[in-house]
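Trainee: turn this into a model:
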Amino acid sequence: DYNAILTNDIVVWEDSVGSETIEWTPIAYNDSSDTVGYKGIFDGNGHKISGVYVPPKKYDRSGFFAIIGRGGVVKNLTIENAWIQGLLKSNSITGGIVGYFYGDSIVNCEFHGTVKDVYVGGIAGWFEKPYIGSRRENGSYVPMYAGGTIRNSRNYGKVVALNFGGGIASVADNGGTIVG
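Mentor: Down below sits the predicted model:
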């Protein structure tokens, strides 16, 4: 697990993003259908990353991050001048900050751009509370979940959904919480 703190704004591409823009590979993308994802703390420290372009029909989990896994945190980050697209097939998931989120939290993040896919959200394409185990209760095993919060985050961009879409998340599963 790696942690990161931005100390400056990052400009990937200065002009409006499009097919001639340098391509961004989503952080923690693994084409083996691995769902471990980024599990560290990524602190944007109030800085912006601009000019992020993820081309269509390339990634089944797409965003600035592909997957944020159990324990992962993204905070204080703004993504702007972005055009992020997914695989555009039946189960592909795209979000402005992350495609598939089952981490601890996304806090104080903003997205300014366009996201397009089958399941798409301005902040998270698919969002859920992670399963952490089970406990015995009255002779049965009951699943336990923890984390799974999006707090004080905003989408100021455009969401183009081929199936399910939302300004913050397309799907919130297992009791994921959106606050503020």
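Trainee: test for you: state the pLDDT assigned to residue 139.
Mentor: Model confidence at residue 139, given as pLDDT, is 78.
Trainee: an error on my part: the question was meant for residue 92.
Mentor: 92.
Trainee: one more: the one 5 residues further on?
Mentor: At residue 97, the model reports a pLDDT of 97.
Trainee: how close does it sit to residue 105?
Mentor: 11 Å (Cβ to Cβ, to the nearest Å). Just so you know, the C-beta spots here come from the backbone N, C-alpha and C atoms, and that holds for glycine as well.
Trainee: find residues that contact each of these two.
Mentor: residue 74 (Cβ atoms under 8 Å, 6 or more residues apart in numbering).
Trainee: show me where this structure has helices.
Mentor: Remark: no helices are assigned in the chain by DSSP state H.
Trainee: tell me the contacts of residue 43?
Mentor: Counting by Cβ under 8 Å, 6+ apart, residue 43 has contacts 3, 4, 5, 6, 75, 76, 77.
Trainee: please repeat the previous calculation with a cut-off of 7 Å.
Mentor: Applying Cβ atoms under 7 Å, 6 or more residues apart in numbering, we find residue 43 in contact with 4, 5, 75, 76.
Trainee: one more: residue 80?
Mentor: 48, 50, 112, 113.
Trainee: how about it, nearest residue that isn't a chain neighbour?
Mentor: residue 112 (4.0 Å; Cβ to Cβ, 6 or more residues apart in numbering).
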